[in-house]
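> Quick check, what structure comes out for this input:
(chains A and B)
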Amino acid sequence: MLKFILQRVLSMILVVLIVASATFFMMRLLPSGPFAREKKLPPEIIKNLEARYHLDDPLWKQYVDYMKNLLRGDLGPSFKYKNRTVNNIINDGFPVSAALGAVAVFLAIVIGIPLGIWGALRQNGWQDNLVMFIALLGVSVPNFIMAVLLMLIFALGLHIVPAAGWGTFKQIILPAFTLAGYPIAFLARLVRSSMLEVLRQEYITTARAKGLSERLVIFRHALRNILIPVVTVLGPLIAAVFTGSFVVEKIFAIPGLGRYYVTSINDRDYTTILGVTIFYSALLVLMNFFVDLTYAWLDPRIRYVERKVS
Amino acid sequence: MDENNVLMRIQGLTTNFHTYAGVVHAVDDMTLTVPKDSVVGIVGESGSGKSVTMMSVMRLIPNPPGRIEGGHVWFDGAALGMPDRMEKDGPNKGMVDLLSLSAESMMKVRGRHIAMIFQDPMVSLNPVLTIGLQLTESMVVHGLATKEGAWKRAVDMLALVGIPKPEERMRDYPHQYSGGMRQRVMIAMALSCSPELVIADEPTTSLDVTVQAQILELMKELKAKLKSSIIIISHDLSIVAGIADKVVVMYAGRILEEADVYDLYEKPGHPYTVGLMKSVPRLDAENRERLVPIEGSPPDLLSPSVGCKFAPRCKYAMNICREQEPPLVTVGEGHRARCFLHHPTAPAVPGFVKVE
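Numbering: from 1, shown residues only, chains lettered A, B, ... in the order given. As a prediction, the model looks like this:
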């Protein structure tokens, strides 16, 4: 098991380094640069700026320097926000996005999974149709529409929660639901179809033939088997939701990390682009690693053990 | 038969499947008596209604599309411990109709009084739960033992069905067992609550031949030790013949013949039974006889023909066979057959024993 974890950690580091390298060079293929303004800066100033950020070095040297710093955990200074490093940006933004994301994932799990189970158990009944309708809404209504609708109804209409802002628990509710919309729908559909599949399995008939109640059949015999596909999508989903959403954070005025994924590219803020991309990919490979570990816990057939000889 | 000796009596059981193509008459007016402490074999081709009959008894027919349309499944009320549900008098005095029970009461019957062994042990055990849990849970839900007590009994059951090192193997998962061993586990599981009836639905079909023999041997051995009656379903007459006291031949959702196992071999009362016997290889056959298949294919249960369902494939079919369904007539003691050849005016057919 230790060997397995060690191998995985090494390959994860390799993946992140490859992502970093690819992003580094692809980013440099973008036209224009970090100091391009509508009003042209004098060439001397640009030259000074480039010298300060070492952009006048040959590309390979910049790459080597960046990688050296990266291995020390230093993501460099932001080109756009003076006196802030990319580490600062992530340190400030990620906890906010992650807190919001955690609530959204929690909602997705406690709403999406039961909805899916309910739909499957009442297959083709009105409950099932309702679940599938909610799921259809969830996947097809874009989050900026969802955000505005929720705001109109619950903030401006019913005055239950504030429309935007960050800092109190009430302010998390609307953006969390907006962010959870798609995952809820996605999980509900996935759980429903997996449940229908599992309920057709012979071992479910065996369980029923033993005289187990339907509750035990579902929760002891079926649920564990449907969790494997659920966990598979949950890993990448958590990585995506925890790193924030540009749209949701913009609409609800949340100081999260999400907006930097979009603005840094527009600004050609090289270090920020690299920093947030590397951060996201690291989180993603980490989550996938956790998913693999969870598989072993869920399904004894993929448990990493020395085979017993009997 | 002694009326007190009846464990279960299926009476006029009819189960249909309502599909988009139409109504499939899977089991039609099925009648069957299972005596206490006996082994009844049910033989028939795929789609003859053997499994559907038993799933109807267990009330595990998926609905929709399946529906039990009529009939009764009488079960010994004293064994069930449901004195208030028993018939007060009549031919089924002291029996309880399983089809009339509430879903909750039926749950108490399943596993506790009627247990099932399924065809494919590779898929009938839950892959993510330990053998120990799967073996003990029915004893626990039926309130027969505490978790610890059930665990001890499960270890004994595993030893009984011939699993070496049963204590260690309780913590294993199904994938750590071979196919034959899994079927042993299924048998242990079925017997764990000492049910009055065990239904074995093709228990050896998915196993290879040597393992088949072992499993059958085990079932015979356990039969001798335990009090349960067994219904064994198979498409293979030879498997049933080796273990059953009484054999029922099913075709197109109905019984074609029912007889004591010796009677069935000595004087088969239906051309279909004769055909089944000829299509099975015999060890005592002289100079390598060829196997004789039954020509044709099983009938379409969506639009059953009038008349005898076997008539289209029957060498001896007469005009009447295509016009009317023959009744199940008694042709000997405990021997019934559904064939017009037993009619006094029917012509004698070579190779077919007409019983007066």
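
> In chain A, where's the longest helix?
helix A:169-199 (DSSP state H).

> Check which residues of that one are buried.
Across helix A:169-199, burial judged by 16 or more other C-beta atoms under 10 Å in any protein chain shown covers A:171-192, A:194-196, A:198-199. Glycine gets a C-beta too; all of them are placed from N, C-alpha and C.

> which stretch of helix or strand covers the most centrally placed residue in chain A?
Computing the C-alpha centroid of chain A and ranking residues by C-alpha atoms, centre = their mean puts A:Ala240 first, at 1.3 Å. Here A:Ala240 sits within helix A:223-242, counting by DSSP states H and E.

> quick one: secondary structure of A:Gln123?
coil (DSSP: H, G, I helix; E, B strand; the rest coil).

> Quick check: chain neighbours aside, which residue is closest to whichever residue of the stretch 51-200 of chain B sits closest to chain A?
Nearest to chain A, among the residues of the stretch 51-200 of chain B, is B:Gly111, at 3.4 Å (C-beta to the nearest C-beta). Among residues not flanking B:Gly111 along the chain, A:Gly211 sits closest, at 3.4 Å (C-beta to C-beta, 6 or more residues apart in numbering or on different chains).

> pLDDT weak spots in the chain?
All of this refers to chain A. Scanning chain A for pLDDT under 70 picks out the ranges A:304-310.

> wrong chain, I was asking about chain B
Using pLDDT under 70, chain B drops low at B:1-4, B:282-289, B:350-356.

> For the helix of greatest length in it, which outside residues touch it?
The longest helix of chain B (DSSP H) is helix B:209-225. When contacts are defined by C-beta atoms under 8 Å, 6 or more residues apart in numbering or on different chains, helix B:209-225 is touched by residues B:39, B:160-162, B:179-180, B:183-184, B:187, B:191, B:200, B:203-204, B:207, B:230, B:232, B:239, B:242-243.

> Derive a PyMOL selection command for the buried subset of the residues you listed.
Selection of buried members from the contacts of helix B:209-225 for PyMOL, criterion 16+ other C-beta under 10 Å:
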select buried, chain B and resi 39+160+161+162+180+183+184+187+191+200+203+204+207+230+232+239+242+243
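
> so how far is chain A from B:Gly47?
From B:Gly47 across to chain A, the span is 18 Å (C-beta to the nearest C-beta, to the nearest Å).

> How about the contacts made by that residue?
Counted by C-beta under 8 Å, 6+ apart, B:Gly47 has contacts B:Pro298, B:Leu301.

> who in chain A is up against chain B?
A:201-203, A:205-213, A:216, A:220-221, A:224-225, A:298-301, A:308, A:310 (C-beta under 8 Å from any C-beta of the partner chain).

> Quick one: buried ones out of the residues you listed?
A:201-203, A:205-212, A:216, A:220-221, A:224-225, A:298-300.

> returning to what we had before: how about the longest helix of chain B: buried residues?
Buried-residue list, helix B:209-225, by 16+ other C-beta under 10 Å: B:Val211, B:Gln212, B:Gln214, B:Ile215, B:Leu216, B:Leu218, B:Met219, B:Leu222, B:Lys223.

> can you give me the strands for chain B?
B:6-19, B:22-35, B:39-43, B:66-76, B:95-97, B:114-117, B:197-201, B:229-234, B:246-251, B:254-260, B:329-332, B:335-337 (DSSP state E).

> okay, the angle between the third one and strand B:246-251?
This points to strand B:39-43. Strand B:39-43 and strand B:246-251 are oriented at 20 degrees to each other (axes from the mean of the first three to the mean of the last three C-alpha atoms, to 10 degrees).

> Partner strands of strand B:39-43 and their direction?
strand B:229-234 (parallel), strand B:246-251 (parallel) (DSSP bridges).

> repeat for the fourth one
Strand B:66-76 has the following sheet partners, assigned by DSSP bridges: strand B:6-19 (antiparallel), strand B:95-97 (antiparallel).

> Point out the most buried one among the ones you listed.
Most buried of the strands paired with strand B:66-76 by mean neighbour count (mean count of other C-beta atoms under 10 Å in any protein chain shown) is strand B:95-97; its value is a mean of 23.

> who touches that strand?
With C-beta under 8 Å, 6+ apart as the test, strand B:95-97 has contacts from B:6, B:9, B:72-77, B:80, B:82, B:85-87.

> Mark which of those are buried, thanks.
Looks like the contacts of strand B:95-97 have B:Val6, B:Arg9, B:His72, B:Val73, B:Trp74, B:Phe75, B:Asp76, B:Gly77, B:Leu80, B:Met82, B:Arg85, B:Met86 buried, using 16+ other C-beta under 10 Å.

> ok, so of the residues you listed, who is nearest A:Leu274?
Distance to A:Leu274, by C-beta to C-beta, is smallest for B:Val73 among the buried ones among the contacts of strand B:95-97, at 72.0 Å.

> gap between whatever residue of chain A ends up closest to chain B and A:Ile218?
For chain A, the residue closest to chain B is A:Gly211, as judged by C-beta to the nearest C-beta, at 3.4 Å. Distance, A:Gly211 to A:Ile218, using C-beta to C-beta, to the nearest Å: 15 Å.

> Skipping adjacent residues, who's closest to the closest residue to chain A within the stretch 201-350 of chain B in space?
Chain A sits closest to B:Asp201 of the stretch 201-350 of chain B, with a gap of 9.9 Å, by C-beta to the nearest C-beta. Nearest non-adjacent residue to B:Asp201, counting by C-beta to C-beta, 6+ apart: B:Ile233, 4.8 Å away.

> Cross-check the contact I'm expecting between that neighbour and B:Thr204.
No - between B:Ile233 and B:Thr204 there is no contact under C-beta atoms under 8 Å: 10.6 Å.

> ok, residue 109 - contacts?
If you meant another chain, say so; for now it's chain A. A:Ile109 neighbours (C-beta under 8 Å, 6+ apart): A:Leu187, A:Leu234.

> not what I meant, chain B
A:Gly211, B:Phe75, B:Leu80, B:Leu98, B:Leu101.
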